[in-house]
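>>> Fold the following.
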Amino acid sequence: MNIHGFLLAMTTAFFWGTLPIALKQVADTVPPMTIVWVRFCVASIWLWIVLPRPHKRSIPHDWSEARIYVIFALAILCLGGNFILYNTSVIYLSAPAAQIISQTGPLILMLGGICILRERFCLVQGIGGIILVAGLILFFHDRLHELMHLDDGYGLGIAIGSSGAIVWGMYGVSQKILLREFSPAGTLRIIYTCVALGLIPFAAPSFLTKLNTAQCICLAYCCLNTIVAYGCFSKAISIWHTAGVGAILSLTPLFSLAGARCMHWLAPDFFPDAPLDLLNYIGALVVVAGAGVLAVGPHFHLKKQQEKSV
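As a prediction, this is how the structure comes out:
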């Protein structure tokens, strides 16, 4: 096992898992679009100043300029939309619930890869998808009646979070296409900068002055999260096989559950408790298992095919 890649993937899972815990404290005071704008501004500045700039690459001959612009525009809209929807969902959902519902993103990405990128579908992936959906039903078993009321409360949060996962899947497909020809750092520079600039008319920086010290620390952590999590994720993918990284990232909801409990124990007045019963915890474990099977399924399928060809 690649220890370096393993540690990078674990770092990503930790930061993504604990993100909604800090985000929920800020979202009570600052509008989601303003939070997203701040996060992308910080990430854009870091990408342009800190990271080395790769050599400029020419546009491939088989790509028209219009197609490049369309795919970049889709990636920008989808990533920005995902951040806004996810940041909005934590207003209505607990941190673990927001993270659990976001695990449907890999399922959407898989379907997009099969339908749009013509990637091969394997039975293991289908099993993983079924397991993941079963886990979601178990986790939200005591809230299923609220899904019929999408205009308010928990049901609205689930609808917004699910929409964010769908948009993230669309972003993943467009990102896969872009990474065939452009470097990850160069692609993120363009996407992050365009999202930050595009959100300027919708941002309300005046709300930032209403944050107390603890909320400012949480917002700073959200900004750091954007940089560290995606940076570690990109590096892990480049030095370790995708199945290994995906399997580790499937543990993200467990970090949310453990982090929420720990923070409530340390500061119960600032981090409210989110009571969960046994079926909630079982559902979370089943979701993690399903996401893990989705991640490693193609790897084992390819390995099996290679063994047959030998």
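>>> Please count neighbours and contacts with C-alpha atoms only from this point.
OK.
>>> Name the spans of the protein whose pLDDT lies under the cut-off.
Within the chain, the segments meeting pLDDT under 70 span 1-2, 51-65, 110, 113-114, 117-119, 121, 144-152, 238, 241-244, 297-310.
>>> What segments of it are strands?
If you assign secondary structure with DSSP state E, the chain ends up with no strands.
>>> Any chance you could list what contacts stretch 262-277?
The contact list for stretch 262-277 (Cα atoms under 8 Å, 6 or more residues apart in numbering) reads 21, 25, 94, 260-261.
>>> same thing with stretch 161-175?
If you take Cα under 8 Å, 6+ apart as the criterion, stretch 161-175 is touched by 71-72, 74-76, 78-79, 81-86, 88-89, 98, 101-110, 112-113, 116-117.
>>> Restrict it to CA atoms and write it as CSV.
Included here for stretch 161-175 are C-alpha records, laid out as CSV according to Å, rounded to 0.1, in the frame of the first residue of the first chain:
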residue,chain,number,x,y,z
GLY,A,161,-28.6,18.3,-0.5
SER,A,162,-29.6,15.7,-3.1
SER,A,163,-29.6,18.5,-5.8
GLY,A,164,-26.1,19.4,-4.7
ALA,A,165,-25.0,15.8,-5.1
ILE,A,166,-26.5,15.6,-8.6
VAL,A,167,-24.7,18.8,-9.6
TRP,A,168,-21.5,17.5,-8.2
GLY,A,169,-21.8,14.4,-10.3
MET,A,170,-22.2,16.6,-13.4
TYR,A,171,-19.1,18.6,-12.3
GLY,A,172,-17.2,15.3,-12.0
VAL,A,173,-18.0,14.3,-15.5
SER,A,174,-17.0,17.7,-17.0
GLN,A,175,-13.8,17.7,-14.9
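>>> So for it, what gets flagged as buried?
Across stretch 161-175, burial judged by 16 or more other Cα atoms under 10 Å covers 161-175.
>>> Wait, Ala284 touches Leu251, no?
No. If you go by Cα atoms under 8 Å, Ala284 and Leu251 don't touch, sitting 9.8 Å apart.
>>> Compare those two (neighbour count), which wins?
Ala284 (27 against 21; other Cα atoms under 10 Å).
>>> Look up how far Phe140 lies from that one.
Ala284 is 9 Å from Phe140, where distance means Cα to Cα, to the nearest Å.
>>> and what of Ile130?
Going from Ile130 to Phe140 by Cα to Cα gives 16 Å.
>>> Ok, Leu107 next?
Between Leu107 and Phe140 the distance is 18 Å, computed by Cα to Cα.
>>> what's the answer for Pro106, then?
Taking Cα to Cα as the criterion, Pro106 is separated from Phe140 by 19 Å.
>>> Which one's more surrounded, Ile130 and Phe140?
Looking at Ile130 and Phe140 with other Cα under 10 Å, you find the greater number of neighbours at Phe140, namely 20 against 16.
>>> Just list the residues touching the more buried one, thanks.
Shown in contact with Phe140 (Cα under 8 Å, 6+ apart): 280, 283.
>>> what's the spacing between it and Gly17?
The spacing between Phe140 and Gly17, counted by Cα to Cα, is 18 Å.
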